[in-house]
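# requesting a structural model of the entry that follows:
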Amino acid sequence: MTPNPLVPDLARAAAAAAHAQDPDCPCAETRTLADRADGTVVRHGAAVAKAHAPDAGSAALAVRLETAARLPEVLLPPLPGSPTSLGDRPVTCWPYGTPVDPQDPDSAPWEAAGTLLARLHRRPPLPGTPTMRGPEKAARAVDRLRSALAGHPCRAAGPVLRAWRTLPAWARAETPAPGGAPALCHGDFHLGQLVRHPAPHGPWRLIDVDDLGTGVPAWDLARPAAWFACGLLSPEEWDRFLAAYRAAGGPAVGAHGDPWATLDVPARALTVQTAATAVAKAVRADRTLDEVEMSLIDACVRMASVPAELTRETAK
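Numbering: from 1, shown residues only. Now for the predicted structure:
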């Protein structure tokens, strides 16, 4: 793999941010935590530097950073001096936080996640807050799948594309979301978006504001809901997450009763997004799908078989 030319500059930015916080920084080894087209993250000591995607948009990113700075009890706040830039890539610096341990799923902080999302959804958006990019990301995942299939047909892709076509237009990012006043949403919630700060035992905070904006708050509950519906999240874990969200006054679902009238469409959209990403990666790697990925395909088959449930154009 060709080394990312951004990494040395990000390492220097992270080191400068770490030393600004602590002149006695122990200067442990600099590490690349993520290296994707939509974001490269490098850590040095107590700070990380992130190169955002070129399409992040300076005005939108500025509002998202200000939101994080104003909600430190919910979102990890950026460090002073953000953003800067490297070529066409905006760069921000953040405190390092301890992530969820992927090797210890039983310790996943579902209650903290539900509470933080409820607090976020209840806060009024700042003037100029952009639209939450969740549906746009789902549409991009489907576009990437279609591109990967060019000259490389894959039978598993059929159910994914059929399920996508059953979704209402707003969930495919083709029209604005319906309903009342939009809420402040994270836009891409999953367990990887939680860290403890101060590391390693501080309170949990949400990270990654790239997709934060106004929209349908049920979207932020959709990935855990989809995992639950696909059998990838236990009923006990789902109940912990949903109960914490409701106890904190989250507006996406009612305080009592069946939440699925609200969660159904977003959960289906996130299932398609995840399945599309999995199939595209499998096609490019010329490999078969694993058991977890096949469970997503099976869910898409079921979704495509009940399109009547997916024609509602309202979100409660």
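# stretch 47-62 - what's its average pLDDT?
Mean per-residue pLDDT for stretch 47-62: 95.
# the closest residue to residue 186 other than its chain neighbours in helix, strand or coil?
Closest residue to residue 186 apart from its sequence neighbours, by C-beta to C-beta, 6 or more residues apart in numbering: residue 220 at 5.1 Å. To be clear about C-beta, it is placed using only N, CA and C from the backbone, and glycine gets the same treatment. Here residue 220 is helix, with the state taken from DSSP: H, G, I helix; E, B strand; the rest coil.
# so how far is residue 190 from residue 220?
From residue 220 across to residue 190, the span is 10 Å (C-beta to C-beta, to the nearest Å).
# ok, the two, which is more surrounded?
Using other C-beta atoms under 10 Å as the criterion, residue 220 and residue 190 rank with residue 220 on top: 32 against 16.
# give me the pLDDT for that one.
You'll see residue 220 listed with a pLDDT of 98.
# dump the residue contacts of it.
117, 120-121, 134, 185-187, 189, 252 (C-beta atoms under 8 Å, 6 or more residues apart in numbering).
# ok, which stretches of this protein are helices?
For the chain, applying DSSP state H gives helices covering 6-21, 58-70, 110-122, 134-148, 157-166, 218-229, 235-247, 260-285, 291-305.
# just say which of the ones you listed is most tucked in.
helix 218-229 (a mean of 26; mean count of other C-beta atoms under 10 Å).
# may I have that helix exported as CSV, CA atoms only?
Extracted in CSV, the C-alpha atoms of helix 218-229 (Å, rounded to 0.1, in the frame of the first residue of the first chain):
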residue,chain,number,x,y,z
ALA,A,218,-34.4,8.5,14.5
TRP,A,219,-31.4,8.2,12.0
ASP,A,220,-29.0,8.2,15.0
LEU,A,221,-30.8,5.2,16.5
ALA,A,222,-31.0,3.4,13.2
ARG,A,223,-27.7,1.5,13.2
PRO,A,224,-28.3,-0.2,16.6
ALA,A,225,-31.9,-0.8,15.5
ALA,A,226,-30.7,-2.4,12.3
TRP,A,227,-28.2,-4.6,14.2
PHE,A,228,-31.0,-5.7,16.5
ALA,A,229,-33.3,-6.5,13.6
